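J.: Build me a model:
(chains A, B and C)
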Amino acid sequence: MTTIIALIPAIPFLSFLILALFGHKLTRKLAGFIGAGSIGMVALFTFIVAIGFFKSLPEVKSYSVTIWEWINTGNLKVDISFSLDALSLVFCFVITFVGFLIHVYSIGFMSKDEGFSRFFAYMNLFIGSMLVLVLADNILLMYLGWEGVGLCSYLLIGFWYKEPANGYAARKAFIITRIGDTAMIIGIFILFLNFGTVNINELMQQASGKWASGSSLAVLTAALLLCGALGKSAQLPLQTWLPDAMAGPSPVSALIHAATMVTAGVYLIARTHVLFSLAPVVQSAIAIIGALTLLIAGFSALAQHDLKRILAYSTISQIGYMFLALGVGAWSAAVFHFMIHAFFKALLFLGAGIVILVLNEEHDIFKMGGLRKKMPVVFITFLIGSASLSALPLITAGFYSKDEILWYAYSSQSGSILLWLAGIVGALLTALYSFRMIFITFYGEAKTEPAFNPGKLMTVPLIVLAVLSLVGGYVELPASIGNIHLFSNLVDNTLPVVVVKAGENQEILFQLLSAIIALTGIYIAYLIYFKKPSLSEPFSHSRINKYFEKGWGFDKLYNTLFVNPVVWLSVIDKNDFFDWWNIGIARLALMFNSLLSYAQNGKLRWYLMSFAIGIALILTYMLSK
Amino acid sequence: MLTVSIETQILFAGILFFLGLIGLLVRRNMIFMLMSIEIMFNSAGLVFIIAATHWKQPDGQVMFIFILAVTAVEVSIALALILQVYHHFKTLDADAVNKLKDHN
Amino acid sequence: MILVYLIVILLAGAFLAWVTGKWNPVLPRIISLATLSTDLVIIILYVLLSVPSNKDWLTDIKFDWIPQFGISLHFALDGLSLVMLILTFFLGIISVIISWKEIVSKVGFFHFNLLLILAGITGVFLSLDLFLFYFFWELMLVPMYFLIGIWGHENRTAASNKFFLYTQASGLLMFISILALYFVHGHSTGLYTFDYQQILGTEMPAPTAFLLMLGFLAAFLVKLPVVPLHNWLPDAHTEAPTAGSLILAALLLKTGAYGLLRFIVPLFPSASAEFAPIGMLLGVVGILYGAKLAFAQTDLKRLVAYTSVSHMGFVILGVFSFNELAYQGVVIQMIAHGISTGALFILVGQLYERIHTRDINKMGGLWEKAPFMGAIGLIFSMASLGLPGLGNFIAELLILIGAFKANILMSCLASLGLIAATIYSLRIVQKVFLGNKNADWKMYDLTVREKMVSASLVIAILWLGLFPQPVINTAKPAILKTLKNQKEVSWHDQVNRTNDYFIKF
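T.: Next up is the predicted model:
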């Protein structure tokens, strides 16, 4: 069992090495087979491990395996060791399974691209790093995975490197996430220096024992770790990199910027939840940040023209929901929404990828249209994905996961009506922008003709994900509907149960409200984007729309505050003003040279004169003594 | 016989020396510089004669003959050098011969 | 005796190379390669066959040289010098291989100078007599001056002059300190000697100790280099030939770090503790200022040179933290920086051989023509920014944790250097390899010889990043010996001190 757990992160690294070193010599078929096959193998292993895990519950709640000793100096002892518990298992499942589907899709999507094997090498490296992140036993190994996924994100966003704008987007992502990572590593320093260990479980145990709730060290450390999570998960104020990251190929957006890397922040907070429970201020901050982000991103999504940018802002918004859940202590609800979101968001991105590819790299939704009849499979799966995103009641998985979060936002011990209000407005916005996207892209008359039909490699993953987006929710039904708690029972082995303060009968009221809001949103979208598009005209040309489209001006703010001053400061001192000292000395020496060279003018009479004066002076001196 | 005090005599030799020195420093033509050097030599010789007369020893006169011999040799060599300089630089201006200057 | 052999082989090889250079340009290269490989094999055999012991020195040898003045030929090896020697010989071999096709004129003299520099470096790492140490310190200088001045690029004369004068002047200050130390020790104990072991622990009044330490510091801070004494480095690195840059960046700079660890901290424990806040501040300034300058450059080699300034800032930050974690980080940083920056200089050299320019505004889109080179550039840029899994991460992590223990503010400021490093490293990759082509360069990818060099460096940095433990174990006795007289600040004291500071605030 433990050997299989050790193999799970190892296999993607192995296939990365093979593809990186020999990829250019392999045929496309073989490269694709190795690339996707390795992830398939890992998915299979995860499945086997899961079965073993379920069988051994509830006695054994986690497995650990140590591979080798990494660093051992002073009292810092770090091993390369992995541990699997319920939380890691859920994440592993999503990463490997959804990852596998995306890899299969990529074989079709990237089939005409010249960097085929390079793509799969990077994707496998990413999956390997992400698995290290979620399986790491100690926080430094997790940091290795954390940075590894950052690297792969950089490589994959800038995959089509010939276009400088892609490189810029990639650098933006790396630098912004690095800012969060640096705050995180300082938090890790404080944790290690206080408790003498980097093992996550030991750290959490010692923290709950030694740190009082609300103590300054706990708050500081939690805040620093939160910064790391904010960077990776693209939440306020570090969210500006994600919309630009859409420059990468669509499978990349699906895997990294929807399903896995951006949820690393959620994983971090869930994994170190003890620390956040010790710092209630920070935890409330998480909830507030989540609420604000989901609103800001929701409004921004409403104003976008680019199909992928809508989805990018949607991702930011949905992760805001997960942060909202984490902030009110609804740990399993956050993880549940993560899983369901991975399904429908990956589906949406893959579908968007097909649409863009088939319409010859057309990203603007206002130049699309009428694809409903021409690409039925894509249309239906996309519709299912959007419905799940909008939390269409009862039939989609999204309803159950989002509804759970909304309920806990109100009813949890640290929840409030304001947080619920933010969530419900966000839900309305979600329904609005999702169906705006559907109506403009797939209905109406076709402004661009599709060039070809997508093959099975691309459509089968769509179908699988669509099915999951519908039935994935049935593992966790609220008390009023079916009272199935398979998922939370699993996750509650690792994470604490949420403490609720309101009664269950109120829950039905809230569910009804969210159902009504979702349907209302869809109806309004139908009205103003399908039936009478003229109704949306005044809004779409207004100043406030432009403001939303530019992401509420954050990019401009950061450019003025940080980017431009730093660049100016660098350029102005390009030649290093410390060098003036050396240049000054050199000039001084040369000046003395030119001065003294007057006395060396080759004239005999001058020399004789100096003799005469010198002798006179010496004689005077001698005679005066 | 006029008795001149020894101080006056040496003063006279000194003035002669300085006249030669000034001539050496001021004149630009090398032949005239040589002549000034001659005057300086002669004034040094005069000091020897003065001393010989004062101390009533013939050694001073002997030194003067030495100086004459040395002067003759020196002048011949100097004139040979001046000839070479004139060949090369086509002028007898001492200031023109400044090729050893610092070229800055 | 093997320590003497190590230096003598290099000297013999140097003379042989010079002489044979007149007949055939290939012979000196082969002789250099053979000499350095012999030395590397000797030292590795020594490591494999020796029994680990806890003595102060792994091996020790002493001959009398000028007994009237107390000068002896005293060589000794401990964990720290061992690690540095392996790095020296490994990178020496690499420098010979990369200059195989680059140096075509006066080949014999070139290899003579190269081997002399390496002999000087070996001597610096091995000598335990202060006079002998100074001898080898100066021995490193003159051949390097020739290396830059004869085989360098356009502005080589000015650069080599600057390098020589700067390093020589600081070396003279160190020599004055050595002499003063000699006399102080002689006055207080009656024994006039230059021997390190005997001078260790000299009782000195605090102002004297501080002044003497400043003299030593002058030489080491210039060599390291530390802002504001760093200006010789960009010029020297940019104008030197590739092998020269490699030796300069990877080895010469480390002699400065070695000097700090071997001489400053053990000889002047209280004076160095007094200097520590300034030292750490200089380190932080070096990290951030070096990174800022690196970002602004358009000459690729100058850019990489400024990254050296930035990385060495971590070293001085770690040295003045006075704890074991930081010192282990310093040792690993010396090795990792040597490998990664060396590899970047090699890359620049390879680019220059192909396109004859170092201006990054003229490059771009080179990945398409040379993907292997691009991949190598990417890997070492990632090393430069401290990606976990590569050696530099371990080094910077350990240094930052150690510095955090000593001075929280400085460590946090230094951590900003991680972000700064990202900015310049990504700029290198973007401007050189990515983007659309600026010009149609006729470029070919790496040859087999170049691939071997790059591959061995990649393996080295990955090995260091994933399995640093052997290096840590080797260096541990030496580091504990260095810290013997230092009191370590405990974390709880540090927290209490910071709390009090904030309460007063």
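J.: Look at the closest residue to C:Leu434 other than its chain neighbours and tell me its secondary structure.
T.: Using C-beta to C-beta, 6 or more residues apart in numbering or on different chains and skipping residues adjacent in sequence, the residue nearest C:Leu434 is A:Tyr161, 4.0 Å away. All C-beta atoms are positioned from the backbone trio N, CA, C, and that covers glycine. Assigned by DSSP: H, G, I helix; E, B strand; the rest coil, the conformation of A:Tyr161 is coil.
J.: Quick check, A:Tyr161 in contact with A:Tyr168.
T.: No - the pair A:Tyr161 / A:Tyr168 is not scored as a contact, 11.2 Å apart, by C-beta atoms under 8 Å.
J.: contacting residues for the residue of the stretch 151-300 of chain C found nearest chain A?
T.: Residue of the stretch 151-300 of chain C nearest chain A, by C-beta to the nearest C-beta: C:Ala296 (3.9 Å). Contacts for C:Ala296 (C-beta atoms under 8 Å, 6 or more residues apart in numbering or on different chains) come out as A:Ser570, A:Val571, A:Asp573, A:Lys574.
J.: Of A:Tyr161 and A:Tyr168, which one has the most company?
T.: A:Tyr161 (21 against 17; other C-beta atoms under 10 Å in any protein chain shown).
J.: pLDDT weak spots in chain B?
T.: Applying pLDDT under 70 to chain B flags the ranges B:1, B:104.
J.: Which residues of the stretch 101-250 of chain C lie near chain A?
T.: C:Lys162, C:Tyr166, C:Val227, C:Pro228, C:His230, C:Asn231, C:Pro234 (C-beta under 8 Å from any C-beta of the partner chain).
J.: let's go with 7 Å and repeat that
T.: C:Lys162, C:Val227, C:Pro228, C:Asn231 (C-beta under 7 Å from any C-beta of the partner chain).
J.: hang on, the earlier thing: out of the contacts of C:Ala296, which is most surrounded?
T.: A:Ser570 (18 neighbours).
J.: hmm, back to that, the contacts of C:Ala296: which ones sit near chain C?
T.: A:Ser570, A:Val571, A:Asp573, A:Lys574.
J.: Now do the phi/psi pair for the second one.
T.: Comment: the main-chain dihedrals of A:Val571 come out as phi -70, psi -30, following degrees, to the nearest 10.
J.: tell me the contacts of it?
T.: C:Ala296 (C-beta atoms under 7 Å, 6 or more residues apart in numbering or on different chains).
J.: Smallest distance to chain B belongs to which residue of the stretch 201-350 of chain C?
T.: Counting by C-beta to the nearest C-beta, the stretch 201-350 of chain C gets nearest to chain B through C:Asp235 (24.6 Å).
J.: Which pLDDT value belongs to the nearest residue to that residue once chain neighbours are set aside?
T.: Nearest non-adjacent residue to C:Asp235, counting by C-beta to C-beta, 6+ apart: C:Ala159, 3.9 Å away. Among the per-residue scores, C:Ala159 holds a pLDDT of 93.
J.: Correct me if wrong: C:Ala159 contacts C:Gly149.
T.: No - look at C:Ala159 against C:Gly149 with C-beta atoms under 7 Å: they stay out of range, at 8.2 Å.
J.: Which one's more surrounded, the two?
T.: C:Ala159 (24 against 18).
J.: Quick check: chain neighbours aside, which residue is closest to C:Ala375?
T.: A:Ala20 (7.5 Å).
J.: What is the neighbour count of that neighbour?
T.: A:Ala20 - counted by other C-beta under 10 Å - has 17 other residues nearby.
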